[in-house]
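In: just need the structure, nothing else, for what follows:
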Amino acid sequence: MCKNSFSPDIYRYLVEGAPVGIVLVRAGKVAFINRSGAALLGVAPDAIVGREFIDFVQPHDRELFLGERLKVGWEEVEFIPVGGRRVILGVRVSEIEYEDNPATLVILHGLGDERPFALESAIRYKTLVEKLADVVFVIDLKGRLVFLNKGFTRTTGYPRSEWIGRKFTEIVAPEYVELTLGRFRQGPPPGDGVSQYEIEIIGRGGKRIPVEIRVTSLSSAEGEEIGRIGIARDVSERHRFEEALRRKNEELERILNTMGEGVVVLDHRHRMVSLNRKARELFGYEPEEIIGKDYTFWCHPDSFDTLRTKLSEREKGKNGTYTARFLCKGGGSFHAHVTAVPIFDESGRFQGSIGCLQDITQELELFRRVEELNEFNRRLIELADVWINVVDSEGKILLWNREAERISGYLREEVEGHAKIWEWLYPDPEYRREVWEAQQRMRLDDAATRRAERTILTRSGERRIISWHGRPLHLSDGRDGWLIVGHDVTEERRREIRLREYAAEIERLSQERNRLFSMAAHELRTPLTVIRGFIDLIQH
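Out: Numbers count the residues shown, from 1 in each chain. Model prediction:
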């Protein structure tokens, strides 16, 4: 600011007839105001002398008169109205010495009535700028700050009056000075003429503040570039949000990568845009090899129709659960159980989908082997030359093989699903009760009761003897059951009976023979005794 020295006599002479308002301010209070100044403010001189000058200024313009530095040059200032009229004056401020003491000289200029609309627009524009949360700044071509709105103080903590006239690089963090100077020297780029970048500035107390800068040229009415005007937006909150989002994404990535299932993300055209570690293992591709590829690249031809249908349904908002076959790098493939959900934006537009892939290749192989084993068992059961049936805890028939049909005469479809067969095989209630009680003892896992022979009545009315062997088992639905294997021993038992009959007959004949031999021996002994007596007589 310029400093001037006036003698009191000259000062009084000049101010009395001056056409502009002249106000002398000492220590913030009005020490003198001439008649023109009082008229412009709409007050009597005695009503303002001795009072704080700033009390007559509208709150939104008071900052112009505060701080160690005062605004230099022309400024339009709104004063507190008197009588309801708006008072907007042009103001110039200078520092002077009065009676060897520092003072402030305020020159007031009336703006006239020919500029009401322009003035109103300027006031509205200025009010808008002052209310912005962002920093609005103007830099002259020498890199000095010539205007700062109130957003500067809110952002940095500095009074803006401290920075008017200073180089803008003074507030820029050291590592960003060369960048900002380079942008300043180059000027705004062609096209929209707006240069945009991020830097850090140093606030009060050394606080580093990340800001997003948007700068363009400032020209005079004649089109001559006179400086740069720009906005600096504090992006600290955005950075904190981005950092929190980054940590969340890293956490999500860790979670996804520890999952045992593959997770893939497709865009609205069903192209791969992301896949977790397990999915990369399943497909065998690195991300750059598969990202951007649609389903025709990584889906096996056997599942093209299935996947095409499911993806079409997903575009309509339907979730999907299905099994499909996918291709691996190198020509292999795997089967997966897929659970997928669509993604829509706020306006309801389809954006893509997320799918969870559970590898079931081994399960399908095990299932195939189990099916083969089951088929082998079914064939073995059907071809076995023994009676095989399975019953539940209530005696209902669950399995009835071909030999059981042959021996009993009852077909599978006649006996499965109910327990009537026991009434047919054991029509005698007492005998049936005995059989049932024996089977109940078998359920107690008593090894001594696992084998039994029972006589059944076949469909044709023939009685057959069956040797049963039972073993408890757990059914697939959790119930207890019983596996029963029977051998038809009717002929064996009949042969045994015949053999027993033969043995008895042989025993009887053997006893008869012994009796005859005994009688014959007695009869033979008597004649021999007589003969022996005659011989003894002759010898003597």
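In: isn't residue 481 up against residue 393?
Out: Yes. Counting by CB atoms under 8 Å, residue 481 touches residue 393, with 6.9 Å between them. The way it works is simple: take the backbone N, C-alpha and C, and place the C-beta from them, glycine included.
In: contact partners for residue 103?
Out: For residue 103, the contact set (CB atoms under 8 Å, 6 or more residues apart in numbering) comprises 24-26, 31, 95-97.
In: ok, 10 Å please
Out: By CB atoms under 10 Å, 6 or more residues apart in numbering, the residues touching residue 103 are 6, 24-27, 31-32, 94-97.
In: repeat that for residue 158.
Out: Residues near residue 158 by CB under 10 Å, 6+ apart: 67, 148, 152, 171, 202-204.
In: rewinding a little: in a markdown table: the contacts of residue 103, plus distance to residue 476, secondary structure and neighbour count.
Out: Shown next, in a markdown table, are the contacts of residue 103 (distance: CB to CB, whole Å; DSSP: H, G, I helix; E, B strand; the rest coil; neighbours: other CB atoms under 10 Å):
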| residue | distance to residue 476 | secondary structure | neighbour count |
| --- | --- | --- | --- |
| 6 | 112 | coil | 15 |
| 24 | 106 | strand | 21 |
| 25 | 100 | strand | 20 |
| 26 | 103 | strand | 15 |
| 27 | 100 | coil | 10 |
| 31 | 106 | strand | 16 |
| 32 | 108 | strand | 19 |
| 94 | 102 | strand | 15 |
| 95 | 100 | strand | 14 |
| 96 | 106 | strand | 16 |
| 97 | 108 | strand | 12 |
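In: give me the helix or strand of the chain that scores worst on average pLDDT.
Out: Lowest on mean pLDDT, DSSP states H and E among the helices and strands of the chain sits strand 3-5, with a mean of 39.
In: which elements pack onto the helix or strand harbouring residue 354?
Out: Secondary structure assignment for residue 354, by DSSP states H and E: strand 350-359. Packing partners of strand 350-359 (3 or more CB pairs under 10 Å, 6 or more residues apart in numbering; DSSP states H and E): strand 262-267, strand 272-275, helix 277-283, helix 304-315, strand 320-327, strand 333-344.
In: of all these, which one comes closest to residue 247?
Out: Residue 247 lies closest to strand 272-275 among those, at 18.0 Å (CB to CB).
In: now stretch 240-250: average pLDDT?
Out: Here stretch 240-250 scores 78 as its mean pLDDT.
In: can you check stretch 131-142 too?
Out: Average pLDDT, stretch 131-142: 86.
In: what do you get for stretch 55-63?
Out: 81.
In: name the residues that touch it?
Out: Applying CB under 10 Å, 6+ apart, the contact partners of stretch 55-63 are 23, 28-30, 41-43, 47-48, 53-54, 64-65, 71, 75-82, 86-88, 91, 123, 126-127, 130-131, 148, 150, 153, 159-161.
In: measure that stretch end to end?
Out: 12 Å (CA to CA, to the nearest Å).
In: pull the distance from it to the chain's centre.
Out: Taking CA atoms, centre = their mean, to the nearest Å, one finds stretch 55-63 lying 54 Å from the centre of the chain it belongs to.
In: can you give me phi and psi for residue 298?
Out: Backbone geometry at residue 298, expressed as degrees, to the nearest 10, gives phi -110, psi 0.
In: now for it, how many residues are close by?
Out: The local packing of residue 298 (other CB atoms under 10 Å) involves 20 other residues.
In: what's the answer for residue 226, then?
Out: Neighbourhood size, residue 226 [other CB under 10 Å]: 15.
In: relative to residue 181, how far out is it?
Out: Remark: distance between residue 226 and residue 181 (CB to CB, to the nearest Å) = 19 Å.
In: please apply the same query to residue 469.
Out: 99 Å.
In: strand partners (parallel or antiparallel) of the host helix or strand of residue 104?
Out: According to DSSP H and E, residue 104 maps onto strand 101-110. Strand pairing for strand 101-110, determined by DSSP bridges: strand 21-26 (antiparallel), strand 87-98 (antiparallel).
In: with just CA atoms, put the last one into CSV.
Out: Taking only C-alpha atoms (Å, rounded to 0.1, in the frame of the first residue of the first chain), the coordinates of strand 87-98 have been written out as CSV:
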residue,chain,number,x,y,z
VAL,A,87,-26.2,2.0,0.0
ILE,A,88,-23.5,0.7,-2.3
LEU,A,89,-20.5,2.8,-2.7
GLY,A,90,-17.1,2.6,-4.5
VAL,A,91,-14.4,2.6,-1.9
ARG,A,92,-10.7,3.3,-2.0
VAL,A,93,-8.6,2.8,1.2
SER,A,94,-5.1,4.1,2.0
GLU,A,95,-2.9,4.2,5.0
ILE,A,96,-1.8,7.7,6.1
GLU,A,97,0.0,9.4,9.0
TYR,A,98,-2.2,11.9,10.9
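In: use 823 as the first number from now on
Out: From this message on, residue numbering opens at 823, which makes the last subject strand 909-920.
In: who touches residue 1225 in this structure?
Out: Residue 1225 neighbours (CB under 10 Å, 6+ apart): 1203-1211, 1307-1310.
In: just the buried ones among the contacts of stretch 877-885, please.
Out: 845, 852, 863, 865, 870, 875-876, 886-887, 893, 898-901, 909-910, 913, 945, 970, 972, 975, 981-983 (16 or more other CB atoms under 10 Å).
In: please enumerate the helices of the stretch 973-1122 of the chain.
Out: 999-1008, 1058-1080, 1099-1105, 1109-1112, 1117-1120 (DSSP state H, counting those that start in this stretch).
In: okay, those in a markdown table with distance to residue 924 next?
Out: Shown next, in a markdown table, are those (distance: least, CB to CB, whole Å):
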| stretch | distance to residue 924 |
| --- | --- |
| helix 999-1008 | 35 |
| helix 1058-1080 | 40 |
| helix 1099-1105 | 73 |
| helix 1109-1112 | 71 |
| helix 1117-1120 | 81 |
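In: which stretch among the ones you listed comes nearest residue 1298?
Out: Closest among the helices of the stretch 973-1122 of the chain, using CB to CB: helix 1099-1105, at 30.5 Å.
In: list the buried ones in that closest one?
Out: Buried residues in helix 1099-1105, counted by 16+ other CB under 10 Å: 1100-1102, 1104-1105.
In: farthest-apart pair in the residues you listed, please.
Out: 1100 and 1105 (9.9 Å).
In: what's the overlap in contacts for the two?
Out: Shared contacts of residue 1100 and residue 1105 (CB under 10 Å, 6+ apart): 1084, 1086, 1179.
In: any idea what the last one is bridged to?
Out: Note on residue 1179: beta-bridge partners by DSSP bridges are residue 1084, residue 1160.
In: now render the helices and strands packed on strand 1172-1181 as CSV, adding mean pLDDT and distance to residue 1336.
Out: Listed next are the helices and strands packed on strand 1172-1181 as CSV, based on pLDDT from 0 to 100; distance: least, CB to CB, whole Å:
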stretch, mean pLDDT, distance to residue 1336
strand 1084-1089, 90, 92
strand 1094-1097, 90, 99
helix 1099-1105, 91, 91
helix 1126-1137, 92, 91
strand 1142-1149, 92, 85
strand 1155-1166, 92, 84
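In: residue 1034 is nearest to which of the ones you listed?
Out: Here strand 1094-1097 is closest among the helices and strands packed on strand 1172-1181 (CB to CB), at 27.7 Å.
In: does anything pack onto that closest one? Which helices or strands?
Out: Counting by 3+ CB pairs under 10 Å, 6+ apart, strand 1094-1097 packs on helix 1058-1080, strand 1084-1089, helix 1099-1105, helix 1109-1112, helix 1117-1120, strand 1172-1181.
In: make TSV from the ones you listed and add distance to residue 1223 to it.
Out: Putting the helices and strands packed on strand 1094-1097 into TSV (distance: least, CB to CB, whole Å) gives the following:
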stretch	distance to residue 1223
helix 1058-1080	50
strand 1084-1089	44
helix 1099-1105	43
helix 1109-1112	52
helix 1117-1120	47
strand 1172-1181	38
